[in-house]
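**Student:** prediction below, plus the sequence it came from.
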Amino acid sequence: MNMDVKAQVDGSFFTQGSSDRQPALLTVNEIGRVSVIQTGNSRAERLSASLLSAGNLNELDISPRLGNTPRHIGFADGSSFETSHNDEIDKLLVAFRQGAFHRFIHLLESHILIVLLVLVLVSGFLWGSIKYGVPAVAKFSAEILPVEITQYLGQGTLDILDKSVFEPSALSQQRQNELARKFVGYIPQYASFGITVEFRQGKEVGANALALPDGKIIFTDELVALSQNDLELLAIFAHEVGHVAHRHVLRRIIQDSLLAVLVLMMTGDVSSASSIVYAIPSLLLELSYSREFESDADDFAYEFLVQNEIETIHFANIMTRLMESANKVDNTNEAELTAADHSDHDERNGFENMLPYLSTHPATKKRIQIFQKN
Amino acid sequence: MENNNYEIYYKDGLKPGVSKEEAAEKLAQLLKIPLPKAVIMIESTDRVVKSGLSKDQAVKYYSALSRVGLLVKIRETKQQEEMDGEVTEQTVPNLTPDTPPVVEPVVRKTNYDHALDVKHPIQLVFNGSGFEYFKIWIVNIFLTILTLGIYSAWAKVRNKQYFYGNTLIDGNSFNYTAKPIAILKGRLIAVGFFVVYAVIYQFAPLMGFILFLILMAFLPWIIIRSLAFNARNSVFRNIRFNFNAKVGDAVKVFLAWPILIIPTLGLILPLIWFKQSQFMINNSSYGTTPFEFHAKVRDYFKIFFIFLGVILLMGIIMSVLVAALGINPANPGSQEMTMAIMLPFSLLIYLFMFAYLAAKLGNLYFNSTTLAKHGFSATMQIRKIGWIYFSNTLAIVLSLGLLIPWAQVRMTNYRVSCLQLNVVDSLDDFIAAEEQHVSALGEQVGEVFDMDVSVI
């Protein structure tokens, strides 16, 4: 019997099926035979020592190295040896070429330079996915899904709006038909989206237009009243068609879901802090996604106007007027908050599909400027 | 300094499940005496087998004899005058192979009943560090991304094991033995469910809702499986924990009772807290030894009413302040002023709500739990929990999530530092239960649908 000791560590021994703890010594010899003996024995007496358990190193269940947590070594007979001498156990595993996978993982986790590299890579990945990855995946998925799917999404939304906030339009049926026919006439190429035009009294919503995923584009009477010619309304119509044609609602839904998965995957269980840590980043990111969609719809409107040889200044004009009427209200100290005041606050007005025209951030001015340079 | 007044009292025979033959064999081996003699010794119950020991020696003897299967107790010997009874010859048990057996005239049969169980509180220790855990945590995230989520099963086991392995009682740590492959399989199945659910919900909300109801119906089963999986994969001193509950009980506690929350305007909450804690603890065991829950419903109601009282008070103070400063909420101009007062107050109230319940309910949970003769003492404080929670949230938000591992370690460290195990005699005599296999599916389904079962 080979008596040369390769390694020797002390620890606690537990017999099979028992929590009874004995101080013990674990020895491994050169051929990988592991024995656990009761402590207190001098080397000379080891032959007659009380052997608690034994096994071959490659048959034992050795817990992976994790920081400096104690190592648990399980024997075939169900007994267990617990020791805090991680480095010795690691040296042993290296010598007998075992546990390579977990040793590698521990290596990654302990070298500070590797950790820094990992940190940079993870941050980069996160930023990349949020800025580009998630929107790209959403765009791709939305486009390969059939148009009918977006139709499903919009069903019923208008009914809800009608029940909660809208009232039937005060415009004459003739005027409504005239505008509708005129606008839809410009977009035969988007017929498959089922785009129709409807009018409502906006009430608290005020001067606004919105596009539902099933193709319905709603103008409020207040917006029509604010306009000075039909081309201005046409420009806004183009913007709304942009939302529908580029499937923004579906993309937004997919993006929000992917974002939620991403945030959850990164943060995991954060019961040590408030769930605000989920909410804040999600909210900020969704707002930024919203602005992207708005720009995209603006670009679509711009292209449309240029192609149809309509002056882009019309879009700028109606936007300016909307902004001014909102600011006018902002400056008063009077009680009644008007619709325009509402519309230039937080974009998430409670209705999934409301795309308010104004926001008080400087982006509005920039948007107007784009349409003014002509 | 050494108090040599301890003795080992053998009264009740053998431990349940230990046969006389087994015990006799082991005892014969231990004492190096012939088997028949060992049998006689085992049969002669209700006597002191060794006296004149120090506390440490007594614990050692106790362990050795317990290991053999004898039900022994450590007692403090009273004055000699009080003792009477026969003197018998007794062999001292051999604790190490080296010591030659010594025969001593020993043991008087005593006539007093009370046994002094030697109590010693053990402070639980948490050795984790935020920085060390950060390294593990970030590498886990990296590998999870790299493997498109496959590594997440290994990551989960490692993350959990970090907290298990760094929690020590008297020098021994906990061990999380779940196999990542099992978790991975469960996760893949669960993700499949989730995708089907999400798709159905988007395009046929009614179907989605029905699916949701079906899921709710399975919820109690999922909870039980999840708790069982985690319990059976938690090991301490070579004994597994266990969790066994009837689905019916889970239905009552997680579905039936909570339905009454709204009709009773929340007043039934303390009863629900009680029932859920009771459910968790009474169905848990350590090896063959069950945990026992000793709290009363009124303990929970007391906490609840104080809780309501403080919130009410804070609400009143807030309104008084708003009124006192002459602010009229109906006047839009003063909206900012109102917000300026209400916001910090609301945050304070929210923080208090969380910290109060976490501390009080958490302490009650542990203080009411016993395992055989052992018990727990928990001493978490409201303001400390509140402060840690608040600063953790701030740190996480400001660090864009990088300080999450540090926050988790910090909270765990505090909670463990407030926990003591009141050990009586020793922790040596627990016995393992039969091995039971639980698949990871229940647990993983729970995770995907965001059902983390937490009662404290």
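**Tutor:** Sure thing, it's come through. Numbers count the residues shown, from 1 in each chain, chains lettered A, B, ... in the order given.
**Student:** hey, which helix or strand in chain B has the poorest pLDDT?
**Tutor:** Each helix and strand of chain B was given a mean pLDDT (mean pLDDT, DSSP states H and E); the minimum falls on strand B:103-108 at a mean of 36.
**Student:** what does residue B:416 show for phi and psi?
**Tutor:** Main-chain dihedrals, residue B:416, degrees, to the nearest 10: phi -70, psi -40.
**Student:** number of nearby residues for the nearest residue to it once chain neighbours are set aside?
**Tutor:** Counting by Cβ to Cβ, 6 or more residues apart in numbering or on different chains, residue B:126 is the residue found nearest to residue B:416 once chain neighbours are left out, at 3.8 Å. All C-beta spots, glycine's among them, are computed from the backbone N, C-alpha and C. Using other Cβ atoms under 10 Å in any protein chain shown, residue B:126 has 17 neighbouring residues.
**Student:** cool, residue B:323 as well?
**Tutor:** Other residues close to residue B:323 by other Cβ under 10 Å number 11.
**Student:** for it, give me the pLDDT.
**Tutor:** Looking at residue B:323, its pLDDT is 77.
**Student:** C-terminal to the helix or strand in which it is found, what's the next element?
**Tutor:** Under the criterion DSSP states H and E, the helix or strand holding residue B:323 is helix B:297-324. Proceeding C-terminally, helix B:297-324 gives way to helix B:335-367 as the next helix or strand, assigned by DSSP H and E.
**Student:** go through that following helix and flag the buried ones.
**Tutor:** Within helix B:335-367, the residues that count as buried by 16 or more other Cβ atoms under 10 Å in any protein chain shown are B:337, B:342, B:345, B:349, B:351-352, B:354-367.
**Student:** which of those come close to chain A?
**Tutor:** The subset of the buried residues of helix B:335-367 within reach of chain A, counting by Cβ under 8 Å from any Cβ of the partner chain, consists of residue B:354.
**Student:** returning to that earlier point: and the residue nearest to residue B:416, how far from chain A?
**Tutor:** Here residue B:126 is placed at a distance of 11 Å from chain A (Cβ to the nearest Cβ, to the nearest Å).
**Student:** would you agree that residue is in contact with residue B:169?
**Tutor:** No - counting by Cβ atoms under 8 Å, residue B:126 sits too far from residue B:169 to count as a contact (10.8 Å).
**Student:** what's the following helix or strand after the least confident helix or strand of chain B?
**Tutor:** Heading C-terminal from strand B:103-108, the first helix or strand you meet, by DSSP H and E, is strand B:119-123.
**Student:** quickly run through the sheet partners of the next helix or strand after that following strand, with directions.
**Tutor:** Per DSSP H and E, the first helix or strand lying C-terminal to strand B:119-123 is strand B:125-126. Next to strand B:125-126 in the sheet, as set by DSSP bridges, lie strand B:167-169 (antiparallel).
**Student:** which residues are in contact with the helix or strand harbouring residue A:257?
**Tutor:** When elements are defined using DSSP H and E, residue A:257 is found to belong to helix A:248-267. For helix A:248-267, the surrounding residues in contact (Cβ atoms under 8 Å, 6 or more residues apart in numbering or on different chains) are A:126, A:129-130, A:134-135, A:137-139, A:141-142, A:145, A:149-150, A:153-154, A:212-213, A:242-243, A:277-278, A:281-282, A:285-286, A:289-290, A:293, A:296-297, A:352-353, B:141, B:144, B:149, B:152, B:198, B:202, B:401, B:404.
**Student:** buried residues in the helix or strand hosting residue A:323, which are they?
**Tutor:** The secondary structure element spanning residue A:323 is helix A:313-330 (assigned by DSSP H and E). Counting neighbours by 16+ other Cβ under 10 Å, one finds that the buried residues in helix A:313-330 are A:313-320, A:322-323, A:325-326, A:329.
**Student:** hmm, it touching chain B?
**Tutor:** No - legend: contact between helix A:313-330 and chain B by Cβ under 8 Å from any Cβ is lacking; minimum distance shown is 11.1 Å.
**Student:** quick one, domains of the chain?
**Tutor:** This is for chain A. Here chain A is described, according to automatic domain parsing, as comprising the domains A:5-110, A:143-372.
**Student:** chain B is the one I meant
**Tutor:** If the domains of chain B are taken from automatic domain parsing, they occupy B:6-116, B:122-448, with pieces of a single domain joined by a plus sign.
**Student:** out of the ones you listed, flag the one nearest residue A:200.
**Tutor:** In terms of Cβ to Cβ, the element of the domains of chain B nearest to residue A:200 is domain B:122-448, at 24.1 Å.
**Student:** go ahead and measure how far that closest one is from the middle of the chain.
**Tutor:** Using Cα atoms, centre = their mean, to the nearest Å, the distance from the centre of domain B:122-448 to the centre of the chain it belongs to is 12 Å.
**Student:** over to stretch A:225-238?
**Tutor:** Taking Cα atoms, centre = their mean, one finds the center of stretch A:225-238 at 36 Å from the center of the full chain.
**Student:** from residue A:71, how far off is the residue of chain B found nearest chain A?
**Tutor:** In chain B, no residue comes nearer to chain A than residue B:165, which is 2.7 Å away by Cβ to the nearest Cβ. Relative to residue A:71, residue B:165 is positioned 9 Å away (Cβ to Cβ, to the nearest Å).
**Student:** could you pull out the strands for the stretch 1-150 of chain A?
**Tutor:** Assigned by DSSP state E, counting those that start in this stretch, the stretch 1-150 of chain A shows strands spanning A:5-14, A:21-29, A:33-38, A:51-56, A:61-62, A:71-74, A:80-83.
**Student:** show me the contacts for residue 201.
**Tutor:** Unless you meant another one, I'm taking chain A. A:166, A:167, A:168, A:169, A:170, A:220, A:221, A:222.
**Student:** that's the wrong chain, I meant chain B
**Tutor:** For residue B:201, the contact set (Cβ under 8 Å, 6+ apart) comprises B:207, B:208, B:209, B:211, B:212.
**Student:** mind checking which of these are buried?
**Tutor:** Burial by neighbour count, judged by 16+ other Cβ under 10 Å, picks out B:208, B:211 from the contacts of residue B:201.
**Student:** mind putting the contacts of residue B:201 into CSV with distance to chain A, secondary structure and pLDDT?
**Tutor:** As requested, the contacts of residue B:201 are arranged in CSV below (distance: Cβ to the nearest Cβ, whole Å; DSSP: H, G, I helix; E, B strand; the rest coil; pLDDT from 0 to 100):
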residue, distance to chain A, secondary structure, pLDDT
B:207, 12, helix, 80
B:208, 12, helix, 76
B:209, 14, helix, 81
B:211, 17, helix, 82
B:212, 16, helix, 79
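**Student:** how about residue A:5, what does it touch?
**Tutor:** With the criterion set at Cβ under 8 Å, 6+ apart, residue A:5 makes contact with A:27, A:28, A:29.
**Student:** who wins for most neighbours among the residues you listed?
**Tutor:** Most neighbours among these, by other Cβ under 10 Å: residue A:28, with 22 neighbours.
**Student:** does it have beta-bridge partners, and which?
**Tutor:** Each beta-bridge partner of residue A:28 is listed here, defined by DSSP bridges: residue A:7, residue A:34.
**Student:** so it is in contact with residue A:91, correct?
**Tutor:** No - between residue A:28 and residue A:91 there is no contact, the gap being 10.3 Å when judged by Cβ under 8 Å.
**Student:** overlap of the contact sets of these two?
**Tutor:** Overlap between the contact sets of residue A:28 and residue A:91, as judged by Cβ under 8 Å, 6+ apart, is given by residue A:7.
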